[in-house]
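*Asks:* starting from these lines, generate the structure:
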Amino acid sequence: GEICAFKIHGQEMPFEAVVLNKTSGEGRLRAKSPIDCELQKEYTFIIQAYDCGSGPGGTNWKKSHKAVVHIQVKDVNEFSPAFKESVYRATVTEGKIYDSILQVEAIDEDCSPQYSQICNYEIVTTDVPFAIDRNGNIRNTEKLSYDKQHQYEIMVTAFDCGQKHATEDVLVRVSVKPVCKPGWQDWNKRIEYRPGSGSIPLFPSIHLETCDGPVSSIHTTIELQTNYIGKGCDRETYSEKSLQKLCGASSGAIDLLPSPSTTTNWTAGLLMDSNDIIFKFDGKQGAKIPDGIVPKNLTDQFTITLWMKHGPSPGLRAEKETILCNSDKTEMNRHHYALYVHNCRLVFLLRKDFDQADTFRPAEFHWKLDQICDKEWHYYVVNVEFPVVTLYMDGTTYEPYLVTNDWPIHPSHIAMQLTVGACWQGGEVTKPRFAQYFHGSLASLTIRPGKIESQKVISCLQACKEGLDINSLESLGQGIKYHFNPSQSVLVMEGDDIENINQALRKVSYINSRQFPTAGVRRLKVSSKVQCFGEDVCISIPDIDAYVMVFQANEPKITISGMDHFARPAAQFESERGVILLPDIRIVSTVTKMEHSLDFNEHDRANKPVVVEEMLHNLDFCDVLVIGAELDPEQECLELDRGELQGKHLDATNSTAGYSIYGVDSMFNYEQVLRQLRYRSWGTAATSDRKFRVKCSELNGRYTSNEFNLEVNILHSSNSNFMDHVNHMIVQPQFLQSVQQPEGSVSAVHNSVVPSVATIVIIICVSILVCVVTLGVYRLRTAQRHSPAEHEGSKENEMDWDDSALTITVNPMEKYEKPHQTEEESEEEDIDDEEEDTTSAESDESEEEEEEEEEEEVIVQKGDKQNATRQEQLEWD
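*Replies:* So this is what the prediction gives:
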């Protein structure tokens, strides 16, 4: 009935069980020898109890069931941390912050997690620019300088989780090496661009220095900053009407902010930058558009286009800032339609009349865009196709985020006032005045009734003429990815190989397709990010700050030439087709260039040869203006077949002040159209002459031509054929002179005539007048037979006259003999003068012709019209 023993079953267990009380069966389990956790952390064995019933051989014991004993050994923090290395070394490059320079590692031989894990590291050395984390990673806390200190020695200790520190600290040596400065090399800060150069590379020799970094990818952004040039970049500065014609927009656009002129004087009081036709509104100005410029009823389809530059509204409570407003002129203050800015929102208001609709209809359309207040130029197009209104900004479509409805306006007979830059308040105030002023800049504000614009036309109208380009895209290589923004002012390139990126960046170029670009500086910025294997960003590449210097284009001199005076019978002016005004008009543009030389002293500079070169460029308008009284539409007009404008980027307007042809097209096309312009006058009795002036322009008046004046005489003589022939002879020498003037041949002959010679000849002629009257009449009748023989050997100079021109005078002389006996003597005197000159001085025939031309001009100026005409006939005979 007693327990005599406990027995442990297992191999060499360092434990034993002893009986403490046989009766109660209590026993104790104890270690036979010291237990070491580091040798074995736990033990598992079986124990059985035995009673006292054994015989002498111990074979009759009874034993209990088996019990499993599991023993865990508690650890004692007997070991200190120890570092794996006796000394740690690392090398860093100056001027760089490292996430991890190197990692130190210590171990602890204790068996438990509490005492065997390293919970913390610590830098023992004070005042060093380094820090260490709990994982043993050492980093620098500031950029190191090789010049300041070549090497740092720091002592590091470790702590286990029982806060027992290492018995020996470890030495860490950090060496600093001079920096290899990564970045772009071999590039010029200033890049020069001359107009007409096409596409020029910006960085033809550039390459990237990575200082042997393990580069995995490069991301480069090239940005051309042009927001301070014109309206955000270099665009064509033609008038909005000309640009819309060039881009294929439907005709009928009305320019609400044109350049000030006699016919468009409502913009005269506004602040204006004349180069780019930009109007600046300072919150104190508005302009009234005269009645009749814009139709009162815009219908359900129309388009408003404008360039706008606008910043945040001044003041705490932002007022409405009116761009365009059509309101009651007097009595009331109703807004019929308006476009305005309010709290950086663009709002378009359109109120229908009751006669157009009598239901609740959409009236206000709101767009909220950051660009409205970013102080940059943007191009806005509001396409109205009621009840749908769409906004295009810089070519991108935006739907209104809010549309509010309203009742139609009650009909009234109150006149309306269209304004720009402010809204006219005609009612509810003591005195009508402007209100809701605009703060910002506007340009090219147009309204087109009855039409909406296509996306293609809108993109063309706001296109930049300068930007970044890539020469030979096909040679970029497969490893290069690139992307342009819509205006080609930003280029992003990405690649894995440094040399491929170098080659690609050398092909990046600047291009300005304008023939006369805006001169000045365009800033360039190149920013790069480099990624290395296994790291986010490994080296820092400094940005490139450079600029493109665009030079001023040589100013062209536009010259209009042609026949500047002619006369025609009245019947031709009264005919259905009228008379062509400018049959031989010629438009030529030249530029003057100085030849460059290496010697820059003052004497050589003053005597540099000047080279004049003809150049081809477009024109944007030519005006044929009436000088003097305006045309009387009841009696006269200027006409042009509209078919002449087909296939050209040209349009035309006609008024009593003249004819205006506009649109961006070549000088040749302008010549072709001007040569078909006709003048008709069916009330010629009251009109004897008309004067016109022709003037052409490029870039909306930036370059203008000479003023070409044309005088047209309407001949009321019964014998129009004779006058026509005589007039042809009169004009021909002048026309030849104007054409051949550059060669200096004919002009030299004209200018060589001396007035004294003419006087001597006249005296001789008068002295023999009485003797040769009869002979003169006889020879006049036989001139047709003898003149070829007489003149065959005498025409030595370059101005030879046609035989037919000398014989035309026979019939007119006969015609004048009978009815005008009083004038016959003077006619015969002139005839005798000519014949005497011919017989006595044949070698001076060309000089006599010049003298006669001069005499003719004097007579025309002094005499009355009919006598002058008759005198011209006789002189040229």
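
*Asks:* residue 52 contacts residue 25, correct?
*Replies:* No. At 11.4 Å, residue 52 does not count as touching residue 25 under the criterion of Cβ atoms under 8 Å. C-betas here are computed from N, CA, C, even on glycine.

*Asks:* and for those two, which residues touch both?
*Replies:* Taking Cβ atoms under 8 Å, 6 or more residues apart in numbering as the criterion, residue 52 and residue 25 both touch residue 3.

*Asks:* helix/strand/coil for the closest residue to residue 565 other than its chain neighbours?
*Replies:* Nearest non-adjacent residue to residue 565, counting by Cβ to Cβ, 6 or more residues apart in numbering: residue 711, 4.6 Å away. Three-state call for residue 711 (DSSP: H, G, I helix; E, B strand; the rest coil): strand.

*Asks:* what about residue 557, neighbour count?
*Replies:* Residues lying near residue 557 (other Cβ atoms under 10 Å) number 15.

*Asks:* tell me who's in contact with it.
*Replies:* 589-592.

*Asks:* do you know the pLDDT at the residue nearest to residue 565?
*Replies:* pLDDT recorded at residue 711 is 94.

*Asks:* just residue 739 next, same as before
*Replies:* 34.

*Asks:* then residue 747?
*Replies:* Looking at residue 747, its pLDDT is 35.

*Asks:* distance from the helix or strand where residue 365 lies to the middle of the chain?
*Replies:* Here residue 365, judged by DSSP states H and E, is contained in strand 361-368. Relative to the centre of its chain, strand 361-368 is centred 31 Å away, using Cα atoms, centre = their mean, to the nearest Å.

*Asks:* what part of this protein, helix or strand, is modelled with the least confidence?
*Replies:* Scoring the helices and strands of the chain by mean pLDDT, DSSP states H and E places helix 746-751 at the bottom, with a mean of 35.

*Asks:* quick one on the thing from earlier: what's the spacing between the residue nearest to residue 565 and residue 566?
*Replies:* 8 Å (Cβ to Cβ, to the nearest Å).

*Asks:* gap between the residue nearest to residue 565 and residue 623?
*Replies:* Distance from residue 711 to residue 623, by Cβ to Cβ: 17 Å.

*Asks:* which of the two has more neighbours?
*Replies:* Counted by other Cβ under 10 Å, residue 711 and residue 623 do not tie: residue 623 has more neighbours, with 16 against 13.

*Asks:* give the bridge partners for the more buried one, please.
*Replies:* Per DSSP bridges, the residues bridged to residue 623 are residue 660, residue 695.

*Asks:* note down every partner strand of the strand ranked longest in the chain and its orientation.
*Replies:* Criterion DSSP state E: the longest strand present in the chain is strand 520-532. Here strand 520-532 is paired, per DSSP bridges, with strand 215-225 (antiparallel), strand 540-550 (antiparallel).

*Asks:* one step back: sheet partners, orientation included, of the strand holding residue 365?
*Replies:* strand 345-350 (antiparallel), strand 402-406 (antiparallel).

*Asks:* what kind of secondary structure is residue 266 in?
*Replies:* Assigned by three-state DSSP, the conformation of residue 266 is helix.

*Asks:* any idea how many residues pack against it?
*Replies:* Look at residue 266: counted by other Cβ under 10 Å, it has 18 neighbours.

*Asks:* which residues touch it?
*Replies:* Residue 266 makes contacts with 287-290, as judged by Cβ under 8 Å, 6+ apart.

*Asks:* right, and residue 31 touches residue 8 too?
*Replies:* No. At 11.9 Å, residue 31 and residue 8 do not qualify as touching, with contact defined as Cβ under 8 Å.

*Asks:* ok, back up a step: out of the contacts of residue 557, list just those in helices.
*Replies:* With helices defined by DSSP state H, no entry of the contacts of residue 557 lies inside them.

*Asks:* what do residue 31 and residue 8 both touch?
*Replies:* Common neighbours of residue 31 and residue 8, counting by Cβ under 8 Å, 6+ apart, are 15-16.

*Asks:* what does the nearest residue to residue 582 once chain neighbours are set aside show for phi and psi?
*Replies:* Of all residues not flanking residue 582 in the chain, residue 674 sits nearest, at 5.0 Å (Cβ to Cβ, 6+ apart). Reported as degrees, to the nearest 10, the phi and psi values for residue 674 are phi -60, psi -30.

*Asks:* pLDDT score for residue 674?
*Replies:* At residue 674, the model reports a pLDDT of 95.

*Asks:* isn't it right up against residue 584?
*Replies:* No. Proximity of residue 674 to residue 584 does not meet the contact threshold set by Cβ under 8 Å, at 10.3 Å.

*Asks:* between these two, which one's more packed in?
*Replies:* Neighbours per residue (other Cβ under 10 Å) separate residue 674 from residue 584, with residue 674 holding more: 25 against 12.

*Asks:* domain parsing of this protein, as residue ranges.
*Replies:* Annotated domains of the chain cover 3-72, 82-177, 182-195+214-223+480-553, 253-453, 557-595+611-715 [the TED database].

*Asks:* got the ones you listed as TSV, with distance to residue 231 columns?
*Replies:* Shown next, in TSV, are these (distance: least, Cβ to Cβ, whole Å):
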stretch	distance to residue 231
domain 3-72	81
domain 82-177	43
domain 182-195+214-223+480-553	11
domain 253-453	4
domain 557-595+611-715	14
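
*Asks:* out of these, nearest to residue 470?
*Replies:* Among those, the nearest to residue 470 by Cβ to Cβ is domain 182-195+214-223+480-553 (5.3 Å).

*Asks:* endpoint to endpoint, that closest one covers what distance?
*Replies:* 39 Å (Cα to Cα, to the nearest Å).

*Asks:* then stretch 130-142?
*Replies:* Stretch 130-142 has an end-to-end distance of 8 Å (Cα to Cα).

*Asks:* what about the helices in the stretch 151-300 of the chain?
*Replies:* In the stretch 151-300 of the chain, the helices defined using DSSP state H, counting those that start in this stretch lie at 240-246.

*Asks:* the strands in it, which residues?
*Replies:* For the stretch 151-300 of the chain, strands defined by DSSP state E, counting those that start in this stretch occupy the ranges 151-160, 170-177, 183-185, 190-193, 199-201, 207-209, 215-225, 254-255, 271-273, 278-282, 287-289.

*Asks:* ok, the fifth one: who's next to it in the sheet?
*Replies:* Strand 199-201 has the following strand partners under DSSP bridges: strand 508-512 (antiparallel).

*Asks:* pull the distance from the strand it pairs with to the chain's centre.
*Replies:* 13 Å.

*Asks:* what do you get for stretch 233-244?
*Replies:* Put simply, stretch 233-244 sits 10 Å off its chain's centre (Cα atoms, centre = their mean).

*Asks:* using PDB, write out the CA atom coordinates for that stretch.
*Replies:* What follows is stretch 233-244, C-alpha atoms only, in PDB (Å, rounded to 0.1, in the frame of the first residue of the first chain):
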ATOM      1  CA  CYS A 233       3.800  81.900 -77.000                       C
ATOM      2  CA  ASP A 234       4.800  83.200 -80.400                       C
ATOM      3  CA  ARG A 235       1.600  83.100 -82.500                       C
ATOM      4  CA  GLU A 236       0.700  84.800 -85.700                       C
ATOM      5  CA  THR A 237      -0.300  88.500 -85.100                       C
ATOM      6  CA  TYR A 238      -2.700  88.700 -87.900                       C
ATOM      7  CA  SER A 239      -6.100  90.200 -87.300                       C
ATOM      8  CA  GLU A 240      -8.600  87.700 -85.900                       C
ATOM      9  CA  LYS A 241     -10.700  87.800 -89.200                       C
ATOM     10  CA  SER A 242      -7.600  87.000 -91.300                       C
ATOM     11  CA  LEU A 243      -6.600  84.200 -89.000                       C
ATOM     12  CA  GLN A 244     -10.100  82.700 -89.100                       C
END
